[in-house]
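Q: Structure for the following, please:
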Amino acid sequence: MIKKTGYLLFLCSTCSSAFAAVESFDKDAAGHTLTTGVHYEETLNPTVVQDTAGYQLQLAPRGQWVYLGEGVATQVNYSADLRRVSFQDPLPNGEDAETLIDFAAQLTQRFYLSDAWALDGQVGVIQDEQMFGEGLSRLRFDVLSPDRQRQTSAALRLVYGRDTDDRYVALTLKGTEVSYADRNAYASAFDLSRKHLGLESAFRWSSATQLLFNIDYSDDDFDDVTREDSQHWRVMTGFAWQPTGKTLLRVLLGGYQRQFDTAPDSDGFTWQLGLETSPREDWLITLRSARQSTVSDSELANETLSDSTDVSLRYLFSEQWQTGLAYQLHNTEYKAADISRDLDDTRFSWMLGVNLKDHSRVELALGRLEREGDASFPLFEESFGRVDWHYEF
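A: As a prediction, this is how the structure comes out:
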């Protein structure tokens, strides 16, 4: 069960903040990529006890388009992921294949009100066909139909700052609707409406250091009256440090509180850490770590606490060849009033890539995934491999 990471991270509409950090619209950054691939996995459906090895065929376009006009800028992000999943042996319901279609689209417009003020508007939609062992089925046995999640969102952001690369203050208001297709009996219990209000600021302290601050409030309202609605506050402060063009360090530390309608409140420490550095021209080292509180995707818990650590190393043999190693450790704690349950995902992978032409490359990856934790959840370990072709235009 290889987790999807491309299109959701591309749009990042599931993040608590409605927008990414305030940045200038860059027409040169616009582009398009087409990916096709063949993936093999030992455990395509970890929720059943039988052997579920099989293959995935993938076709995934994605891209960005930017238009800069007089007093207004427009950016469109899009992506799609069409996957044909084939099992070596049929599932208990007799099915031996699934077709999954993911897509995401996001339109952002910036209106320049004056030299210092700007108003951003954003609308987006995401469809996520959750593979077996992902999303809601991650915590359940004998799931034979993949869940389909749909998110629609709209947001406004008021920005003050003549040079947002230097300093700015931004106020964000966002609304999100999350719904699930009626494929499994449990899915409708997780339909919800979310309102988000955020204030963030950045201040250039020196040529290498920028001070950061943000405060977020969100209100999660489930359609199902048996689920616990909650309000979440988070305050974080930190810095971004870039002493040279080869190193970037970003640190945000803070705390959160989640207030439930009837269940006991929850609070704790939260962080976002990131490091990218190139000690030599042919090496790139990346470190990411984060902790966050979200509403739970289990009826047995009110809150989910997620701790993640990702480390990757990439080495360039030449302009044509490169290789890399990646290690990921993700801990998820499902918290209720009187009990908590944990899942640990440990993933290790190796990649070899070759640039065929200026805009084309092929990647081979092999890896291992282990899921450990509470025995009431599906636990498994698997090896996987993939071959992908990427074309940029």
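
Q: For the rest of this, base every contact and every neighbour count on C-alpha atoms.
A: Will do.

Q: Y112 touches L158, doesn't it?
A: No. Counting by Cα atoms under 8 Å, Y112 sits too far from L158 to count as a contact (10.3 Å).

Q: which residues do those two both contact?
A: Residues touching both Y112 and L158 (Cα atoms under 8 Å, 6 or more residues apart in numbering): 118-119.

Q: so what's the residue lying closest to E42 once chain neighbours are set aside up against?
A: Spatially, and ignoring its direct neighbours in sequence, E42 is nearest to A53 (4.1 Å; Cα to Cα, 6 or more residues apart in numbering). When contacts are counted by Cα under 8 Å, 6+ apart, A53 touches 40-44, 87-89.

Q: does L364 have beta-bridge partners, and which?
A: Per DSSP bridges, the residues bridged to L364 are L352, V387.

Q: Please look at it and R386 and confirm they touch.
A: Yes. Using Cα under 8 Å, L364 is in contact with R386, at 5.9 Å.

Q: Just to check, L212 is in contact with F239?
A: Yes. If you go by Cα under 8 Å, L212 and F239 touch, sitting 5.1 Å apart.

Q: what do these two both touch?
A: Common neighbours of L212 and F239 (Cα under 8 Å, 6+ apart) are L252.

Q: Give me the buried stretch members for stretch 268-277, please.
A: Within stretch 268-277, the residues that count as buried by 16 or more other Cα atoms under 10 Å are 270-277.

Q: So which of those residues are in strands?
A: 270-277 (DSSP state E).

Q: would you turn the residues you listed into JSON lines with pLDDT and distance to E333?
A: Formatted as JSON lines, these follow (pLDDT from 0 to 100; distance: Cα to Cα, whole Å):
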{"residue": "T270", "pLDDT": "97", "distance to E333": "14"}
{"residue": "W271", "pLDDT": "97", "distance to E333": "16"}
{"residue": "Q272", "pLDDT": "97", "distance to E333": "18"}
{"residue": "L273", "pLDDT": "97", "distance to E333": "20"}
{"residue": "G274", "pLDDT": "97", "distance to E333": "22"}
{"residue": "L275", "pLDDT": "97", "distance to E333": "25"}
{"residue": "E276", "pLDDT": "96", "distance to E333": "28"}
{"residue": "T277", "pLDDT": "96", "distance to E333": "31"}
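
Q: can you name the two of the residues you listed that are farthest apart?
A: Within those, T270 and T277 form the most distant pair, 23.8 Å apart (Cα to Cα).

Q: What is the nearest of the contacts of A53 to W65?
A: Y40 (33.0 Å).

Q: And the pLDDT for that closest one?
A: Per-residue pLDDT puts Y40 at 97.

Q: who's in contact with it?
A: So Y40 contacts 53-56, 384-386 (Cα under 8 Å, 6+ apart).

Q: go on, W350?
A: Taking Cα under 8 Å, 6+ apart, we find W350 in contact with 323-326, 365-367.

Q: could you redo the residues you listed as TSV and give each row neighbour count, secondary structure and pLDDT?
A: As requested, those are exported to TSV (neighbours: other Cα atoms under 10 Å; DSSP: H, G, I helix; E, B strand; the rest coil; pLDDT from 0 to 100):
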residue	neighbour count	secondary structure	pLDDT
T323	17	strand	97
G324	18	strand	97
L325	18	strand	98
A326	17	strand	98
A365	18	strand	98
L366	17	strand	98
G367	19	strand	98
